[in-house]
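>>> Got a predicted model here, sequence first, then my questions.
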Amino acid sequence: MSDAGPKLHPQTLSIHPEDRITPGWTAVPVPVARASTVLFPDLASIRAMNWRDDTKWRYGLHATPTSMALMQRLAALEGGKHALLHPSGLSSITNVYLAFVRPGDDILVPDNAYGPNRELADWYATDFGVSVRYYDPMIGEKIDDLLQDNTRLIWIEAPGSVTMEVPDVGAIARVARARGVLSAIDSTYAAGLSFRPLEHGVDIVVQALTKYQSGGSDVMMGATITSNEDIHCELKRARMRFGIGVSSDDCSLVLRSLPSMQVRYDAHDRSALALAHWLKTRPEVDVVLHPALPDCPGHASFKRDFTGAGGLFSVVFKPAYTSAQVDAFVEGLRLFKLGYSWGGALSLALPYDIRPMRTATHWPHDGVLVRFFVGLEDERDLHADIEQSLLAHLPSTS
Ligand SMILES: *Cc1c(COP(=O)(O)O)cnc(C)c1O
């Protein structure tokens with residue numbers, strides 16, 4: 001606003017501050033830039049806008065200085081070049097479909113995929129003329145045998161967030177690239193910290209930022225990250241066409257939590273690993289499925305590719321226990337609460353019936369599976385909590 005001109009009334013002055021931006025402001029936090037309208041100095045600047053350019057903003061839905069700071073940080077963490085934000089991890093998965101999957105295409109989805117991804121794939125199959133085939137996550141380079149001329153996309157999940165198998169990501173990604181098929185991985189588990197799929201040849205990384213990146217169980221957000229500009233622009237175009245965006249307030253919450261993410265991840269990892277080792281010695285337990293333990297399918301890939309595990313693992317109880325008994329064990333936990341999602345400070349546990357969730361592979365275990373998320377409580381208290389509920393609800397079978 002120029003200095004000259006008529007004296008303005010209070011109502012107008014309340015809308016036209018002289019000092020819109022604060023040049024020279026330097027502080028640790030990224031400012032929260034809320035906006036729908038973004039202002040341009042002249043029409044030439046508007047006409048010069050190119051939607052492919054990630055360094056410029058033109059409308060609050062697409063980018064603000066706050067969301068751009070978060071996108072840049074996430075891309076850097078993942079070793080990628082471009083990131084996009086969506087209002088949930090699931091909507092980041094959905095955006096990959098919206099950008100790339102068309103009627104007549106074939107896609108491959110691992111049998112250990114995140115449940116809502118399966119649900120979406122099945123909807124594409126029933127209502128949108130897409131061929132969806134599920135594959136054994138342990139397939140490795142043999143995925144080559146499954147590829148067809150119309151195969152467009154291979155999903156990968158490493159590890160499966162309930163069943164914990166760790167696929168050979170590099171082998172699957174190498175085949176995909178050699179055959180000109182797009183690969184996308186749900187890497188929420190690794191969070192850009194313990195495994196970097198882009199370095200193993202995967203095209204698109206999806207992360208549910210709702211988990212470790214938020215860390216507070218109070219934000220829903222997701223990201224796609226890639227190093228390929230064309231792929232990024234296709235994702236960006238789909239996101240724009242569907243009107244998908246995130247708020248700067250939510251971005252600032254994630255930006256606030258990111259600096260402590262590695263420290264939290266390591267703390268989750270230490271407690272979860274200690275509890276997993278102890279549970280393996282318990283008479284009530286059949287198998288502990290923790291990628292760092294040799295019983296977990298894909299343990300060799302985990303050892304080769306991952307530098308850490310975070311707080312997630314599963315336990316299969318002895319088949320002698322009924323699901324009602326295991327339910328009572330889970331409900332008998334006091335510190336582990338019942339609920340979906342994970343990645344916050346609070347420990348969680350849920351029982352799962354795996355067989356109905358599988359279509360390509362036979363689930364080998366007869367006992368009930370309980371998925372634990374180990375939070376940031378003192379590990380000794382969590383240990384005591386599990387022990388009291390085991391003793392109360394799972395009587396000795398010998
Ligand atoms: C939670 C989760 C998602 C989805 O994230 P939301 O933000 O809850 O939509 C996707 N994949 C995996 C593996 C998850 O655990």
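The structure has been received and is ready for your questions. Since this is a predicted model, take the numbers as computed values, not measurements. Numbering: from 1, shown residues only.
>>> Only C-alpha atoms from now on, for both contacts and neighbour counts.
Noted.
>>> Around the ligand, which positions in the stretch 51-200 of the chain sit nearby?
Taking Cα under 6 Å from any ligand atom as the contact definition, the stretch 51-200 of the chain meets the ligand at 88-90, 114, 161, 186, 188.
>>> Next, report how far stretch 359-378 is displaced from the centre of its chain.
18 Å (Cα atoms, centre = their mean, to the nearest Å).
>>> can you check stretch 42-59 too?
Chain-centre distance of stretch 42-59: 30 Å, with Cα atoms, centre = their mean.
>>> neighbouring contacts of the helix or strand containing residue 236?
Assigned by DSSP states H and E, residue 236 falls within helix 229-241. Applying Cα atoms under 8 Å, 6 or more residues apart in numbering, the external contacts of helix 229-241 come out as 52, 62, 81-84, 95-96, 98-100, 225-226, 245.
>>> The residues of the stretch 51-200 of the chain next to the ligand in helices, which ones?
Among these, the members found in helices (DSSP state H) are 89-90.
>>> Of the residues of the stretch 51-200 of the chain next to the ligand, just say which sits nearest to residue 75.
Nearest to residue 75 among these: residue 188, at 14.1 Å, using Cα to Cα.
>>> Verify the contact between the closest one and residue 210 for me.
No - using Cα atoms under 8 Å, residue 188 is not in contact with residue 210, being 9.1 Å away.
>>> Just confirm residue 84 is within a strand.
Yes - counting by DSSP: H, G, I helix; E, B strand; the rest coil, residue 84 is located in a strand.
>>> What separation do you get for it and residue 75?
Residue 84 sits 9 Å away from residue 75, going by Cα to Cα, to the nearest Å.
>>> joint contacts of those two?
Here residue 84 and residue 75 share the contacting residues residue 225, scored by Cα under 8 Å, 6+ apart.
>>> Between the two, which has more neighbouring residues?
residue 84 (29 against 21; other Cα atoms under 10 Å).
>>> quick one on the thing from earlier: out of the residues of the stretch 51-200 of the chain next to the ligand, which two sit at the greatest distance?
Top of the distance list for these (Cα to Cα): 88 and 161, 16.6 Å.
>>> Below-threshold pLDDT in the protein: ranges please.
Scanning the chain for pLDDT under 70 picks out 1-4, 14, 16-23, 398.
>>> Would you map the strands across it?
Under the criterion DSSP state E, strands of the chain are mapped to 82-86, 106-110, 131-135, 151-157, 182-186, 204-208, 222-226, 285-289, 312-317, 348-352, 369-373.
>>> so what's the nearest residue to residue 312 once chain neighbours are set aside bridging to?
Take residue 312 and drop its neighbours on the chain: the residue closest to it by Cα to Cα, 6 or more residues apart in numbering is residue 373, 4.6 Å away. Counting by DSSP bridges, residue 373 forms beta bridges with residue 312, residue 348.
>>> I'd guessed residue 373 sits against residue 351; true?
No - counting by Cα under 8 Å, residue 351 is not a contact partner of residue 373; they are 11.8 Å apart.
>>> In terms of neighbours, single out the busier of the two.
Between residue 373 and residue 351, counted using other Cα under 10 Å, the more crowded position is residue 373 (26 against 21).
>>> Might you report the residue contacts of the more buried one?
Neighbour list for residue 373: 272, 311-313, 342-343, 347-349 [criterion: Cα under 8 Å, 6+ apart].
>>> and which of those is nearest to the ligand?
Ranked by distance to the ligand (Cα to the nearest ligand atom), the contacts of residue 373 are led by residue 342 at 7.1 Å.
>>> is it true that that closest one touches residue 216?
No - contact criterion Cα under 8 Å: residue 342 and residue 216 do not qualify, at 9.5 Å.
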